[in-house]
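**Student:** Compute the structure for the input listed below.
(chains A and B)
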There are 2 protein chains.
Amino acid sequence: MTKRSRKKSAIILVSGGLDSAVALACARRDGFTCHALSFDYGQRHKVELKAAQRVCRAQGVASHRVIKLDLRAIGGSALTSDVEVPKDRDESQMTGNIPVTYVPARNTLFLSFALALAEVTGARDIFIGVNAVDYSGYPDCRPEFIAAFEKLARLATKAGDQGAHFKVRTPLIKLSKAGIVRLGAKLGVDFSLTHSCYDPVRGKACGRCDSCRLRLRGFVNAFLTDPIPYAKP
Amino acid sequence: MTKRSRKKSAIILVSGGLDSAVALACARRDGFTCHALSFDYGQRHKVELKAAQRVCRAQGVASHRVIKLDLRAIGGSALTSDVEVPKDRDESQMTGNIPVTYVPARNTLFLSFALALAEVTGARDIFIGVNAVDYSGYPDCRPEFIAAFEKLARLATKAGDQGAHFKVRTPLIKLSKAGIVRLGAKLGVDFSLTHSCYDPVRGKACGRCDSCRLRLRGFVNAFLTDPIPYAKP
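**Tutor:** Okay, the predicted model is just below:
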């Protein structure tokens, strides 16, 4: 048996964004064989799936699945319907309120798929790049949510029924965006491969949606330069 | 405002099987406006989706969505891969063990979609026809699983964050299969529209898989006749 095949496997949710690229780097740092999972869920910023592919290739994952699911049939979010993505909001407007870019039950869905794949592959660890500090107001990024999902995972599965404990690993949950950028830089993440913008302009990041603004502020506060191109205003 | 529009809405998971047809009838009995949700998940018994349509039409739902999702990309079950469906097992072989027809994290996934739709439509109730008595060994049919999901639902959503409590209603959870048949008969469910078989033979129920055997036994114990045709042995 080779050394590689003895490594423990983990499922990593990789969106193509900056945070999940750093979460993937953390899983590799922790010695896991990485099985990446992305979702083609009708997001208007579908270009992030190409970024997910680049990130997975650059970091040498063992497998990368893209699951197609039609969240547009459910709607209710600026990311999956024709509601406009908010622009030019300052920090006070971003925090405290859950924005229209919230996708109903998205992380619950994504983690459920990761759990199914974990059960099939024998993995017991799931990495997700959620963040409760600069979390943009999403309820399904909080530690309490993660703890509730872990409990559910044990009860929901055949493996859990037989004694397995699924661990949802959230290496970024307590970091600021600047902290995530610094950690990624330390782990050698190539940020130029990632995509964060909710509403790209001719293939370039808009620089104005909440996601772009959080990202840019993160780089500024980390005293680093964001290598991706932004659309001219 | 008409009387109808004041009715509370519920999301009902309708597979096309006997149990979910009875669960839907319970939701109607309880006065809910019913939004049905079915899944085209690569199941080999895809014919159940036609049954779901018939059941929804017969019971007059307000809407019926079929969500396409590719569980074959994950695999791990006789229902979504080329593993053979077990046949001719007696009761002792069915209980206590989780069978190969278990689909990893299926009810977690289905409930997560129902939760997303509940949040978007303003529904706070989700009906699912799970059953912990004749439950065929599936872990995600237990009351503890349902309770864990309700807790997760409150933490996972914008609505939950704002104080909403999502209720997962399981009117069949403590009933025997015979009890479910009797309840359905009382509520006027047309069983001839439903489909339970995991492995249909030329469009007819095989009569030999766990699902067929549980169903047939349920009718026998309820002193009723199953109106659907079965394949000749």
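**Student:** Output whichever strand or helix holds residue A:64 as CSV, nothing but the C-alphas.
**Tutor:** If you go by DSSP states H and E, residue A:64 is part of strand A:63-68. What follows is strand A:63-68, C-alpha atoms only, in CSV (Å, rounded to 0.1, in the frame of the first residue of the first chain):
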residue,chain,number,x,y,z
SER,A,63,-11.7,14.1,-7.8
HIS,A,64,-14.0,17.0,-8.7
ARG,A,65,-17.7,16.6,-9.2
VAL,A,66,-20.1,19.3,-10.4
ILE,A,67,-23.6,18.6,-9.4
LYS,A,68,-26.4,20.1,-11.4
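**Student:** Pairing partners for that strand, with directions?
**Tutor:** strand A:33-40 (parallel) (DSSP bridges).
**Student:** angle of the longest helix belonging to chain A against strand A:63-68?
**Tutor:** Scanning chain A for the helix with the most residues, using DSSP state H, yields helix A:106-121. For helix A:106-121 against strand A:63-68, the angle by axes from the mean of the first three to the mean of the last three C-alpha atoms, to 10 degrees is 130 degrees.
**Student:** do helix A:106-121 and chain B meet?
**Tutor:** Yes: using C-beta under 8 Å from any C-beta of the partner chain, helix A:106-121 reaches chain B at A:106-109, A:112-113, A:115-117, A:119-120. Quick note: C-beta positions are derived from backbone N, CA and C, even for glycine.
**Student:** May I ask which helix or strand of chain A has the lowest mean pLDDT?
**Tutor:** helix A:91-94 (a mean of 58; mean pLDDT, DSSP states H and E).
**Student:** quick one: low-confidence ranges for chain A?
**Tutor:** A:1-6, A:75-86, A:89-102, A:134-137 (pLDDT under 70).
**Student:** Outside of the strand holding residue A:64 itself, list whatever touches it.
**Tutor:** The contact list for strand A:63-68, computed with C-beta atoms under 8 Å, 6 or more residues apart in numbering or on different chains, reads A:14, A:35-41, A:49, A:52-53, A:56, A:113, A:117, B:68-70, B:73-74.
**Student:** Make a PyMOL selection of the buried ones in these.
**Tutor:** Filtering the contacts of strand A:63-68 down to the buried ones (16 or more other C-beta atoms under 10 Å in any protein chain shown) takes a single PyMOL command:
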select buried, (chain A and resi 14+35+36+37+38+39+40+41+49+52+53+56+113+117) or (chain B and resi 69+70+73+74)
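**Student:** Any idea how many residues pack against residue A:169?
**Tutor:** Using other C-beta atoms under 10 Å in any protein chain shown, residue A:169 has 20 neighbouring residues.
**Student:** what's the closest residue in space to it that isn't next to it in sequence in contact with, if anything?
**Tutor:** Nearest residue to residue A:169, sequence neighbours excluded (C-beta to C-beta, 6 or more residues apart in numbering or on different chains): residue A:127, at 4.8 Å. By C-beta under 8 Å, 6+ apart, the contact set of residue A:127 is A:10-13, A:23-24, A:26-27, A:32, A:169-171.
**Student:** can you pull the contacts of residue A:156?
**Tutor:** Applying C-beta under 8 Å, 6+ apart to residue A:156 gives the contacts A:115, B:105, B:107-108, B:139-140, B:145, B:148.
**Student:** Now the buried members of the contacts of residue A:127.
**Tutor:** A:10-13, A:23-24, A:26-27, A:32, A:169-171.
**Student:** Surely residue A:227 is in contact with residue A:194?
**Tutor:** No: Residue A:227 is not in contact with residue A:194 according to C-beta atoms under 8 Å; the separation is 9.2 Å.
**Student:** Between those two, which is the more surrounded one?
**Tutor:** Comparing residue A:227 with residue A:194 by other C-beta under 10 Å, the one with more neighbours is residue A:194, at 26 against 11.
**Student:** quick revisit: PyMOL command for the buried members of the residues of helix A:106-121 next to chain B?
**Tutor:** The following PyMOL line selects those of the residues of helix A:106-121 next to chain B that are buried, judged by 16+ other C-beta under 10 Å:
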select buried, chain A and resi 106+107+108+109+112+113+115+116+117+119+120
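**Student:** Tabulate the residues of helix A:106-121 next to chain B in TSV, adding columns for distance to residue A:186.
**Tutor:** Shown next, in TSV, are the residues of helix A:106-121 next to chain B (distance: C-beta to C-beta, whole Å):
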residue	distance to residue A:186
A:106	29
A:107	26
A:108	31
A:109	31
A:112	32
A:113	30
A:115	30
A:116	32
A:117	28
A:119	33
A:120	33
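**Student:** Residue A:41 - nearest residue in space that isn't next to it in sequence?
**Tutor:** residue A:71 (4.3 Å).
**Student:** wait, that neighbour sits on residue A:44?
**Tutor:** No: the criterion here is C-beta under 8 Å, and residue A:71 misses it with residue A:44 at 11.2 Å.
**Student:** if we can go back for a sec, closest to residue B:183 out of the residues of helix A:106-121 next to chain B?
**Tutor:** residue A:112 (29.4 Å; C-beta to C-beta).
**Student:** List the residues that contact that closest one.
**Tutor:** B:105, B:108-109, B:112.
**Student:** again, 10 Å this time
**Tutor:** A:105, A:149, A:152-153, A:156, B:104-113 (C-beta atoms under 10 Å, 6 or more residues apart in numbering or on different chains).
**Student:** okay, among those residues, which ones form the most distant pair?
**Tutor:** A:105 and B:104 (18.8 Å).
**Student:** Which residues does stretch A:215-224 contact?
**Tutor:** A:17-19, A:91, A:134, A:175-185, A:191, A:194-197, A:205, A:207-209, A:225-228, A:230.
**Student:** one more time with 8 Å, if that's ok
**Tutor:** A:18, A:91, A:134, A:176-182, A:185, A:196, A:205, A:207, A:225-226.
**Student:** Out of these, which sit inside helices?
**Tutor:** Mapping the contacts of stretch A:215-224 onto helices (DSSP H) picks out A:18, A:91, A:177-182, A:185.
**Student:** would you turn these into TSV with distance to chain B and neighbour count?
**Tutor:** Formatted as TSV, the ones in helices among the contacts of stretch A:215-224 follow (distance: C-beta to the nearest C-beta, whole Å; neighbours: other C-beta atoms under 10 Å in any protein chain shown):
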residue	distance to chain B	neighbour count
A:18	23	29
A:91	20	11
A:177	22	25
A:178	26	18
A:179	24	18
A:180	22	26
A:181	27	26
A:182	29	19
A:185	32	14
